[in-house]
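# Here is my input; please provide its structure:
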Amino acid sequence: MVAIRAAESAAQQLALQYPGQHPVAQLMEKAKSDFDNMLSRQSKTYEEAVEEYRRRYKVDLPPGFRGWYDFAVKNQSPIIDDFDTIYQSVSPFWKLSGQEVLDVMNNAYKTPHSELWQCTFHGDTAKTECRHPYRSFDRHLTLLFDEVLGDLAGVLPDVKFIVNHLDEPRVVVPPEDPAGTRFALANMSHKSVWKELTAPCSSSSKRNDTTDNIDTCGLSFVTSAASSLDICANPSYASSYGLFISPVSLRLLTGLVPVLSTGAPSTMSDILYPSAAYIESGFVYDPTRDIPWEQKSNNLYWAGSTTGGYASSSSSSSSEQWKSFHRQRFVALAQNLNHQPHTYLRSLNGVITRFASPFLNSRLFSVFFTRFQFCSPSTCRAQRSFFRTKSYADKDEAFGSRLVFDLDGNGISGRYYKLLASNSAVLKQTLLREWHDDRLVPWVHYFP
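Here you go, the predicted structure:
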C-alpha cells in the first residue's frame, strides 16, 4: 500500500531511492494522453460513424443506428465509436438464429429458481415491461429502462430480453464453445466457484502489464486495467475475493444464455448494462450536500456493510475465512488490525524515497463497517469483535473527505457514480467489468 503521508519516525533504516517523477503522476499523465487520443479519434459525422462501425466490427448496422447516433450527439456523448464491451458481450450470440435466442431466453426464464426477469421493450412507446415467476419488486428495472430509453419512442425496434435479479453475475460459456441452446443451472451459493469461473481460461493466460517505461518503484500499481481484471492471469484472486471464495447468492448458468447483468468478472459472459442502483435516490449525487475540496478533511473515507461473500462457520470452511474477503481485507488494512509493515513513497527534491514501516496514521483513515450481514451467528460475532465499527453513517458523509474509497460488494458498487460526481477523489477496487469500461478509465476518472 502507498500511504497518504510518510511516517519518518517509524521508518526502517534502509530506504530505496528512485530519481524522477512520482509513479502516480506518471500513470496519470500517460492515461490522460491515451484517453485524449481516443476522444480525438471519434467520428464527427454520421457517415464517419457508419464507416467506423463497419470497419471495426465487420457487421451490418443494427436497427435504429441512426436514431441512436442522433440521440448520442444530442446528449453530447464524447464517445461515438468505442463500444467494444457491448460488442464482445453480444457477438457470441450471432451464431444462433433469432428464434434460437428467443427459445433459450424463454427456457432460462422458465427454469425453476433461475432468478431472471423477462422484459419487453416496446419501440413505439419506449416503455418496458418486466415479469418474474413469483417476485413483484423488480429492483427498479422498468424505471431504469423507461428513464434511459424514454426519449426514443419510434426509434428503436421491439426487443425481448432477460435480466438477472441477483447482485452476482450469472453466465459462464464452456471452453468447448458449444453450439445450440443447451444450458445448465447450478446453485453455487456459499461454495467456492473458482474452478467453475476459470474454466474458460486458456493454459497460456499470464499477466501482461504494460508500464511504458514508468518506474513504479517496485510497487504493484495498476498499470493495465485489462491485466488487473483478468482473473485467469491472477490466481491469487482465488483466495482474496468474496465472490470466488463463498458467494452470497450465485445461480450459475453454464451455456450460451443472453442474461443482462450489472457487472461480471473477465471470464463470465453476462451482457453488461447500467445498474438501476445508479438512479436510486440514495445513490444520486446532490451537490447541495457536498463541499469544496479545500474544506474537506485530508483523509480517506469508506463505510459500509460486510457484503461480498458469505462467512460460514461450517466444518468444511475455516472459521476465519471471512478475513480473506475483499471488504474485510480492506477494512483490516485501513484499521491496521494485522500490524503488518506498510510501504511508503515520499518525493523530495526530485527523488522518490521508498521505505517500510509498521506505523499507520489512523487520523488519515475513516473506514468502518456499519452492518454485519451474510454471515453465520458465530462469524458475525467474530467480525464485530475484530473490527472497529460505526453504528450509523449518513449517506453523504463521504463528501467530508478528500479521498473516498469504492469497492465491490456482492456485485458492483451502486455509489460509484455519486462519488465520481463529487468534489472528492475516488479510489476504486473492482474485479467486475461494467458497461462503462470503455469510457471511465483508471488514472483519468479514478485511482485504481
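
# where does the protein dip in pLDDT?
Residue ranges of the chain with pLDDT under 70: 1-19, 177-180, 203-212, 315-317.

# Pull out the buried positions in the lengthiest strand in the chain.
Ordering each strand of the chain by length in residues (DSSP state E) puts strand 297-305 first. Of all the residues in strand 297-305, those buried under the rule 16 or more other Cβ atoms under 10 Å are N299, L300, Y301, W302, A303, G304. Where you see a C-beta, it was placed from the backbone N, CA and C, and this is true even at glycine.

# Give the pairing partners of that strand; include direction for each.
Using DSSP bridges, the strands paired with strand 297-305 are strand 365-371 (parallel), strand 401-407 (parallel).

# And the contacts of the next helix or strand after the last one?
Elements were assigned by DSSP states H and E; along the chain past strand 401-407, the next helix or strand is helix 416-421. The set of residues external to helix 416-421 that reach it, using Cβ atoms under 8 Å, 6 or more residues apart in numbering, is Y278, F283, V284, Y285, A398, V404, D406, V426, K428, L440, H445, Y446.

# Return the backbone torsion pair for the last one.
Read that as Y446. phi -160, psi 170 (degrees, to the nearest 10).

# what's the burial count for the nearest residue to it once chain neighbours are set aside?
Distances taken as Cβ to Cβ, 6 or more residues apart in numbering place V426 nearest to Y446, at 4.2 Å, with adjacent residues excluded. Other residues near V426 come to 21 when the count uses other Cβ atoms under 10 Å.

# and V426, backbone torsions?
Taking degrees, to the nearest 10, you get phi -100, psi 130 for the backbone angles of V426.

# got it, and S266?
Dihedral angles for S266 - degrees, to the nearest 10 - are phi -60, psi -30.

# Adding distance to F369, write the buried residues of strand 297-305 out as JSON lines.
Converted to JSON lines, these look like this (distance: Cβ to Cβ, whole Å):
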{"residue": "N299", "distance to F369": "17"}
{"residue": "L300", "distance to F369": "15"}
{"residue": "Y301", "distance to F369": "13"}
{"residue": "W302", "distance to F369": "10"}
{"residue": "A303", "distance to F369": "8"}
{"residue": "G304", "distance to F369": "7"}
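
# so where does E129 fall, helix or strand?
Using DSSP H and E, E129 sits within strand 127-131.

# so what strands line up beside that strand?
Within its sheet, and counting by DSSP bridges, strand 127-131 is paired with strand 116-122 (antiparallel).

# Okay, buried residues for the biggest helix by length in the chain please.
As assigned by DSSP state H, the longest helix anywhere in the chain is helix 23-40. Across helix 23-40, burial judged by 16+ other Cβ under 10 Å covers P23, Q26, L27, K30, A31, F35, M38.

# just to revisit the earlier point, check what contacts the strand holding E129 and list those residues.
Residues outside strand 127-131 that contact it (Cβ under 8 Å, 6+ apart) are 117-122, 138, 141-142, 145-146, 149-150, 163.

# buried ones in stretch 285-298?
The neighbour-count check on stretch 285-298 (16+ other Cβ under 10 Å) flags D290, K296 as buried.

# hmm, I was thinking of stretch 332-346
For stretch 332-346, a neighbour-count test (16+ other Cβ under 10 Å) marks A332, L333, A334, Q335, H342, T343, Y344, L345, R346 as buried.

# Specify which member of those is nearest to A356.
T343 (5.4 Å; Cβ to Cβ).

# quick check, the closest one in a helix?
No: counting by DSSP: H, G, I helix; E, B strand; the rest coil, T343 is not found in a helix; it is strand.

# Run through the bridge partners of it.
When assigned by DSSP bridges, T343 has beta-bridge partners V2, A356.

# Now, of the contacts of strand 127-131, which are buried?
For the contacts of strand 127-131, a burial check counting by 16+ other Cβ under 10 Å picks out W117, Q118, C119, F121, D138, L141, T142, F145, D146, L149, V163.

# would you list those in JSON lines and tack on distance to M188?
Shown next, in JSON lines, are those (distance: Cβ to Cβ, whole Å):
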{"residue": "W117", "distance to M188": "20"}
{"residue": "Q118", "distance to M188": "23"}
{"residue": "C119", "distance to M188": "25"}
{"residue": "F121", "distance to M188": "30"}
{"residue": "D138", "distance to M188": "24"}
{"residue": "L141", "distance to M188": "23"}
{"residue": "T142", "distance to M188": "28"}
{"residue": "F145", "distance to M188": "28"}
{"residue": "D146", "distance to M188": "33"}
{"residue": "L149", "distance to M188": "33"}
{"residue": "V163", "distance to M188": "20"}
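
# Could you say which one of the strands paired with strand 297-305 comes nearest to Y46?
Going by Cβ to Cβ, the one of the strands paired with strand 297-305 nearest Y46 is strand 401-407, 36.4 Å.
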